[in-house]
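Engineer: generate a structure from the sequence data that follows.
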Amino acid sequence: MVSSSSIHSEKELLRKIARGDHHAFREVYERYAPKIRAFASRVLKDDELANDVMQESMLKLWQLGPKLTEIQQLDAYLKTLSRNYCYNVLRRKQLESRVEGELGDEWSDTTNETEDLVLLNEAKHLLQGAINALPNYHRKAYELCHQQGLKYQEAADKLGLSPHSVKTYMKQALRSIREHLRHRSDYIVLLLIFELF
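Structural biologist: Numbers count the residues shown, from 1 in each chain. Prediction:
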């Protein structure tokens, strides 16, 4: 049985993620990604596909934005979401098996580590473009607090601002970057997993 305190903390995490808080997302990711991966692995009998289901599920969660606050039980929501993705994968596997049988040796899997590296580099480039597009103080606050790991007070001292102003600029920067990346959802999970965003 889920305790009321854990439900409360979950709802708070979802509210933070809805506002673009990547730290809250990472907390939910670390809590639920292993569960989703294990469940998908049992269903699909394929660790790589299970990992894909996990990433798709977490990406969907991130993309919900303000609708996240409507989720009553995150555990149940993610269980249903991952189960639906598993069903989709199984249907796709059946289709691919039929096509592979028809094509024989002409069928090839082009996915490899080099392509993954290219994708990550493209994601980094896209993120840097979003950062460069920020207004001056937003960009500086983001670079100091997120990329260099300074606390609001430390960043405020460097910028000659109040900690409250730095916090505000950081929130606005995250919102702007999230909006900038909204149409490139294929990269978002990659950036979050590698803690680049």
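Engineer: residue boundaries of the strands in this protein?
Structural biologist: Counting by DSSP state E, the chain has no strands to list.
Engineer: could you chop it up by domain?
Structural biologist: What automatic domain parsing lists as the domains of the chain is 4-106, 113-193.
Engineer: now do the nearest residue to Val89 once chain neighbours are set aside, the pLDDT please.
Structural biologist: Spatial nearest neighbour of Val89, chain neighbours left out: Leu49 (5.5 Å); criterion: C-beta to C-beta, 6 or more residues apart in numbering. C-beta: built from backbone N, CA, C; applies to glycine. On the pLDDT scale, Leu49 is placed at 86.
Engineer: ok, Leu49 to Tyr32 distance?
Structural biologist: For Leu49, the distance to Tyr32 equals 18 Å [C-beta to C-beta, to the nearest Å].
Engineer: next one: Asp157
Structural biologist: Per C-beta to C-beta, Asp157 is found 37 Å from Tyr32.
Engineer: got it, and Leu120?
Structural biologist: Leu120 is 23 Å from Tyr32, by C-beta to C-beta.
Engineer: these two: which has the busier surroundings?
Structural biologist: Taking other C-beta atoms under 10 Å, Leu120 and Tyr32 do not tie; Tyr32 has more neighbours (20 against 16).
Engineer: show me what contacts the more buried one?
Structural biologist: Contacts for Tyr32 (C-beta atoms under 8 Å, 6 or more residues apart in numbering) come out as 58, 74-75, 78.
Engineer: biggest separation within those residues, which pair?
Structural biologist: Met58 and Asp75 (13.9 Å; C-beta to C-beta).
Engineer: give me the neighbour count for the closest residue in space to Gly65 that isn't next to it in sequence.
Structural biologist: Leaving out its chain neighbours, the residue that sits closest to Gly65 by C-beta to C-beta, 6+ apart is Ala18, at 5.9 Å. Residues lying near Ala18 (other C-beta under 10 Å) number 17.
Engineer: can you show me the helices along the protein?
Structural biologist: Applying DSSP state H to the chain gives helices spanning 4-18, 22-44, 47-63, 74-103, 113-132, 136-142, 152-159, 163-181, 185-193.
Engineer: now the weakest link among these, please, by mean pLDDT.
Structural biologist: Mean pLDDT values for the helices of the chain show the minimum at helix 185-193, a mean of 61.
Engineer: so who does Phe39 touch?
Structural biologist: Residues counted as contacts of Phe39 (C-beta under 8 Å, 6+ apart) are 50, 79, 82-83, 86.
Engineer: nearest to His180 among those residues?
Structural biologist: The nearest member of those to His180, counting by C-beta to C-beta, is Ser82 at 28.0 Å.
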